[in-house]
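Undergrad: Predicted model, plus sequence, below.
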Amino acid sequence: MKTHETTVGPATQEHHLQRNLRNRHLQLIAIGGAIGTGLFMGSGKTISLAGPSVIFAYAIIGSVLFFMMRAMGELLLSNLHYKSFVDFNYDLLGPCAGFFTGWTYWFCWVVTGIADIAAITGYIQFWAPGVPLWLPGTVCISLLLGLNLLTVKLFGEMEFWFALVKIIAIVALIAVGIVLIAIGFTSPSGAKAAVSNLWANGGWFPHGGAGFLAAFQIAVFAFVGIELVGTASAEARDPEKTLPKAINSIPIRVIVFYVLALLVIMTVTPWNQVAPDRSPFVNLFMLIGIPIAASLINFVVLTSATSSANSGIYSTGRMLYGLSAGKLGPKPFARLSNNNVPANGLAYSCALLFIGVFLLYQEGDVMKVFTIVTTISSICFIFVWSLIMIAYMRYRKLHPERHATSIFKMPGGVAMCWLVLAFFAFVLWVFAQKDDTLQGLIYTPVWFVALAICYPFYRRQAIEHRKLTH
């Protein structure tokens, strides 16, 4: 494919980052990004809100985000100097868009990391109910910071094994569930009666349309991080081959890891017996009397939350580095350590994750903290995803020749961009319908006001930098 290597803003300094992520790293990072803490921790709440119709919510969101990922993939491959979506937003929409995208994405992962700390604490309480609330998060943050300060290849290895654990666990859960259904373990009347659990307790939509819509908040959060493969591609070998492969496998991942897993859970365990405040993956094995398996699954979901936190730490460090290199952030974050990692940005982001520990002490309710924090994170991710779609439409207008020569075109083009943006607007409307998600929707604009106040301090130097690099 013909690529266009015009130098752009933040990316101009990123040649110091090493392309040490192999194909297997990128593929597993992509899969890990699609299997988030929201699936393991939050699916109990979504099932209680929507019943069996929750599978439609996950399928719809996964389908829409596939098109967003295809737009991002075409943009990244249209110019290999683009190291992330911040770079093409900066180049196509201007420094202001780059500033808002980069800092909001950084904020997204800090907030997601705080949610992960809440989730990790909840999982540890499964084994040690009396553990101090500060201990699990503190140990996790310190350990992941230390590992991320070494090399990017080590990050890739960690994510490879974290994701592999999640994949094996979900495939095993599906296989065990199918066997239990087939042998009539959960229903003496046979597999047919077990499958009827999906509609026997109030139908597919037991709480009506309102319940179905309410499930979208946690369901959206389950997919945050799906775009991480775009950030990781900056340090991937041969992105023209590995990036399309990772993005094109998204529909299969959604079907296997979300739809099939939740179908099995709600067939083995009727949806109205799923506890909203605990992981249904753990609860399933507790209900059928296999406590050792429940501990094993709890270990898997703990691994998932740790993987998400690890991805967040990686992303925030790279995002601060790119912003500062493009004169959109403080200078200290533009420095790399001797291991070619953005140590200052990593340390600063990790320090903020301790807010999660503070919130747990203030609230005391892991699930309530998780819901409010994930709402704020989801809204900010929707903002970032929306700017990716807007940048794609701008790219189609400014560079039709690049689109014409691309072998990784986004299906549906500009018309699909408008449909995706309409869906994002619909999700924000859904957030306004429930009290707990409405709180997050009300508080989130404070972040954008803060960015608007800070941008003028960076505007002049960012514009001068852009002139020099074009």
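TA: That came through, no problem. Numbers count the residues shown, from 1 in each chain.
Undergrad: Low-confidence ranges, the stretch 151-300 of the chain, go.
TA: Counting by pLDDT under 70, the stretch 151-300 of the chain has low-confidence residues at 152-153, 184-194, 230-237, 277, 283-288, 290-291.
Undergrad: Going along the chain, name the helices of it.
TA: Assigned by DSSP state H, counting those that start in this stretch, the helices in the stretch 151-300 of the chain fall at 152-182, 191-195, 208-214, 216-222, 228-232, 239-248, 250-253, 261-268, 280-287, 291-325.
Undergrad: Can I get those helices in JSON lines including distance to residue 386 and mean neighbour count?
TA: Where C-beta positions appear, they are placed from N, C-alpha and C, glycine not excepted. Output for these, formatted as JSON lines (distance: least, C-beta to C-beta, whole Å; neighbours: other C-beta atoms under 10 Å):
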{"stretch": "helix 152-182", "distance to residue 386": "26", "mean neighbour count": "18"}
{"stretch": "helix 191-195", "distance to residue 386": "39", "mean neighbour count": "16"}
{"stretch": "helix 208-214", "distance to residue 386": "20", "mean neighbour count": "17"}
{"stretch": "helix 216-222", "distance to residue 386": "13", "mean neighbour count": "28"}
{"stretch": "helix 228-232", "distance to residue 386": "15", "mean neighbour count": "26"}
{"stretch": "helix 239-248", "distance to residue 386": "18", "mean neighbour count": "20"}
{"stretch": "helix 250-253", "distance to residue 386": "18", "mean neighbour count": "17"}
{"stretch": "helix 261-268", "distance to residue 386": "27", "mean neighbour count": "22"}
{"stretch": "helix 280-287", "distance to residue 386": "31", "mean neighbour count": "22"}
{"stretch": "helix 291-325", "distance to residue 386": "17", "mean neighbour count": "24"}
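Undergrad: Any chance of the ones you listed in CSV with distance to residue 381 as columns?
TA: CSV is the format used below for the helices of the stretch 151-300 of the chain (distance: least, C-beta to C-beta, whole Å):
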stretch, distance to residue 381
helix 152-182, 19
helix 191-195, 35
helix 208-214, 19
helix 216-222, 8
helix 228-232, 11
helix 239-248, 17
helix 250-253, 16
helix 261-268, 21
helix 280-287, 23
helix 291-325, 12
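Undergrad: mind checking which of those is nearest residue 376?
TA: Closest approach to residue 376 among the helices of the stretch 151-300 of the chain (C-beta to C-beta): helix 216-222, 10.0 Å.
Undergrad: which residues are contacting the closest one?
TA: Helix 216-222 has contacts (C-beta atoms under 8 Å, 6 or more residues apart in numbering) with 36-39, 42-43, 45-46, 54, 57-58, 61, 115, 258, 371, 374-375, 377-378, 381-382, 427, 430-431, 434, 437.
Undergrad: ok, residue 87 to residue 293 distance?
TA: Using C-beta to C-beta, to the nearest Å, residue 87 is found at 45 Å from residue 293.
Undergrad: Residue 222 now?
TA: Residue 222 is 23 Å from residue 293, where distance means C-beta to C-beta.
Undergrad: can you give me the end-to-end distance of stretch 437-456?
TA: Stretch 437-456 has an end-to-end distance of 31 Å (criterion: C-alpha to C-alpha, to the nearest Å).
Undergrad: Please point out which parts of it sit buried.
TA: Along stretch 437-456, these residues count as buried under the neighbour rule (16 or more other C-beta atoms under 10 Å): 437, 440-441, 444, 447, 455.
Undergrad: Tell me what angle the host helix or strand of residue 72 forms with helix 261-268.
TA: If you go by DSSP states H and E, residue 72 is part of helix 54-78. Helix 54-78 and helix 261-268 are oriented at 170 degrees to each other (axes from the mean of the first three to the mean of the last three C-alpha atoms, to 10 degrees).
Undergrad: now the angle between helix 239-248 and helix 54-78, please.
TA: Going by the same axes, to 10 degrees, helix 54-78 makes 170 degrees with helix 239-248.
Undergrad: Show me the contacts of helix 216-222 that map onto helices.
TA: Residues of those located in helices (DSSP state H): 37-39, 43, 45-46, 54, 57-58, 61, 115, 371, 374-375, 377-378, 381-382, 427, 430-431, 437.
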